[in-house]
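A.B. asks: Sequence and predicted model, in that order:
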There are 2 protein chains.
Amino acid sequence: MSPKVNNQYKRNKELEILQSAKNVFIRKGYLKATMQDIIVEAGISRGAIYSYFNNIEHIFEELLKLEDEKDIIYFEIEGLSSFWDQLIEWIRLQQRNIVSTNNKFLLCKTEFFLTKHLQSNKTYNPYVIKRYERLVSSITNFIDRGIEKKEIYPLKSSKAIALYIISFLDGLMLDTFNLGMEVTEVNDQIDVVIFTLENILCPIK
Amino acid sequence: MSPKVNNQYKRNKELEILQSAKNVFIRKGYLKATMQDIIVEAGISRGAIYSYFNNIEHIFEELLKLEDEKDIIYFEIEGLSSFWDQLIEWIRLQQRNIVSTNNKFLLCKTEFFLTKHLQSNKTYNPYVIKRYERLVSSITNFIDRGIEKKEIYPLKSSKAIALYIISFLDGLMLDTFNLGMEVTEVNDQIDVVIFTLENILCPIK
DNA sequence: ATTAAAATAGACATTGGTGTCGTTTTTGAT
DNA sequence: ATCAAAAACGACACCAATGTCTATTTTAAT
């Protein structure tokens, strides 16, 4: 009688596999990546990997969860600076993400959601919706706090403005990925959107 | 001695196959669609289809060309109404496209470009760039005509505004497809973007 | 009606991946 | 050192799709 093996070990191996998988996804995209690829990248055997994950879709979903854990929603941190400064800082952060090359995995996510949805007809993925709504409410609440603190006097509803910002950034991200930042002129566009936000949020001074 | 067969016939068959292919793409998405599917949908033999197209990527590219022929760029038609009315009318058209289900093929295109780019690393697709720039310059020129006619007094460059509009609509399209129009609240967002355009274009009256 | 080229059919070999399963190795409690 | 359970291995049977190739049918000019 002697049941076996460490508990932390399994989790580590799992994370190791997920990291290898991420490399593969970034290199090949979601749909073109194969179990084979991940097996090679992780330097593990077929049998082993299947004892951790059922299939490649499962792996991607676990990876998503993992990334979400890391994902600190910026606006949930109570800011020290003014509303406007914090907003602009966040937009600049997004700008840097769009331009940098580590948006690759972001694009894999887009591919994943897109193809998943294109297959399983008509039904929207509740997980994706939850993610989106979390971001929306985090920005909405941020705007609401700005109103409470009397730093802004928005001319449209907080939520509509939040949704608007997200759409714009998603579109800019997608187009820039497909076309390059020279073609989409990211900086000019960000400049425009900041201008429009000033007009719609009406920050004091 | 007697060479053979009608010439128009071939083209018709080609168009027929492309239409079937489009149905398949809409139903399954680009990457999940197979030659098999198209063969069945078109009710044609394996041998026949391969005498028209080399592979499924080839089919999709031909389909793209075909769709582009149909694609009338709205702004290239000289409008009868005022600048502002014409702009709003176009945005409403986009709004309807986003909400309607025939954005499915639009999403297949996105999937195609995305995965194509995710594979062939780093290099942007010149065809996609051409398409994008055509749209950009068509909107830009439209705005410029508005300026000439003294109907608007924009506070940012025409091109930056054009790019901004496209990004926003692309993002809204993508998110709405993935999440549904109830979640993205399309109408409210369109309302916001029109408001911002009024502030940035400064139409007379 | 004949005929040769073109168009179509569908069987086939091949490829590239999947998930399973029996075997071997490793693990850590005793 | 022993031992049973857990973990890892990798061969394998299977599947779905591809593109090719030979045979058959259709076409329209003669």
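C.D. replies: The structure has been received and is ready for your questions.
A.B. asks: Do a quick rundown of the helices in chain A.
C.D. replies: Along chain A, counting by DSSP state H, helices occupy A:8-28, A:35-42, A:46-52, A:56-70, A:83-99, A:104-119, A:126-148, A:158-179, A:181-184, A:186-201.
A.B. asks: Need those in JSON lines (columns: mean neighbour count and mean pLDDT).
C.D. replies: C-beta: built from backbone N, CA, C; applies to glycine. Output for these, formatted as JSON lines (neighbours: other CB atoms under 10 Å in any protein chain shown; pLDDT from 0 to 100):
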{"stretch": "helix A:8-28", "mean neighbour count": "16", "mean pLDDT": "94"}
{"stretch": "helix A:35-42", "mean neighbour count": "17", "mean pLDDT": "97"}
{"stretch": "helix A:46-52", "mean neighbour count": "13", "mean pLDDT": "97"}
{"stretch": "helix A:56-70", "mean neighbour count": "15", "mean pLDDT": "90"}
{"stretch": "helix A:83-99", "mean neighbour count": "16", "mean pLDDT": "94"}
{"stretch": "helix A:104-119", "mean neighbour count": "20", "mean pLDDT": "86"}
{"stretch": "helix A:126-148", "mean neighbour count": "16", "mean pLDDT": "93"}
{"stretch": "helix A:158-179", "mean neighbour count": "23", "mean pLDDT": "96"}
{"stretch": "helix A:181-184", "mean neighbour count": "17", "mean pLDDT": "95"}
{"stretch": "helix A:186-201", "mean neighbour count": "19", "mean pLDDT": "98"}
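A.B. asks: need those in CSV with distance to chain B, can you?
C.D. replies: Below are these laid out as CSV (distance: least, CB to the nearest CB, whole Å):
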stretch, distance to chain B
helix A:8-28, 7
helix A:35-42, 13
helix A:46-52, 23
helix A:56-70, 13
helix A:83-99, 10
helix A:104-119, 3
helix A:126-148, 6
helix A:158-179, 3
helix A:181-184, 6
helix A:186-201, 4
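A.B. asks: Which among those helices is found nearest to DNA strand D?
C.D. replies: DNA strand D sits nearest to helix A:46-52 of all the helices of chain A, at 2.1 Å, using CB to the nearest atom of the strand.
A.B. asks: Domains of chain A: list them as residue ranges, please.
C.D. replies: Chain A breaks down into these domains under automatic domain parsing: A:8-67, A:72-201.
A.B. asks: hang on, residue A:201 packs against residue A:157?
C.D. replies: No. In terms of CB atoms under 8 Å, residue A:201 does not count as a neighbour of residue A:157; the distance is 11.8 Å.
A.B. asks: circling back to that earlier point, can I get the helices of chain A in JSON lines including distance to DNA strand D?
C.D. replies: Conversion of the helices of chain A to JSON lines gives the following (distance: least, CB to the nearest atom of the strand, whole Å):
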{"stretch": "helix A:8-28", "distance to DNA strand D": "5"}
{"stretch": "helix A:35-42", "distance to DNA strand D": "8"}
{"stretch": "helix A:46-52", "distance to DNA strand D": "2"}
{"stretch": "helix A:56-70", "distance to DNA strand D": "15"}
{"stretch": "helix A:83-99", "distance to DNA strand D": "34"}
{"stretch": "helix A:104-119", "distance to DNA strand D": "12"}
{"stretch": "helix A:126-148", "distance to DNA strand D": "25"}
{"stretch": "helix A:158-179", "distance to DNA strand D": "24"}
{"stretch": "helix A:181-184", "distance to DNA strand D": "31"}
{"stretch": "helix A:186-201", "distance to DNA strand D": "37"}
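A.B. asks: Not counting residues beside it along the chain, what's closest to residue A:60?
C.D. replies: Among residues not flanking residue A:60 along the chain, residue A:112 sits closest, at 5.9 Å (CB to CB, 6 or more residues apart in numbering or on different chains).
A.B. asks: quick one, what contacts the one you found?
C.D. replies: Under the criterion of CB atoms under 8 Å, 6 or more residues apart in numbering or on different chains, the contact partners of residue A:112 comprise A:30, A:60, A:64.
A.B. asks: Quick check: of those, which lies closest to residue B:164?
C.D. replies: Ranking those by separation from residue B:164, with CB to CB as the measure, puts residue A:30 on top at 29.3 Å.
A.B. asks: That closest one and residue B:140, how far apart?
C.D. replies: As judged by CB to CB, to the nearest Å, residue A:30 and residue B:140 stand 35 Å apart.
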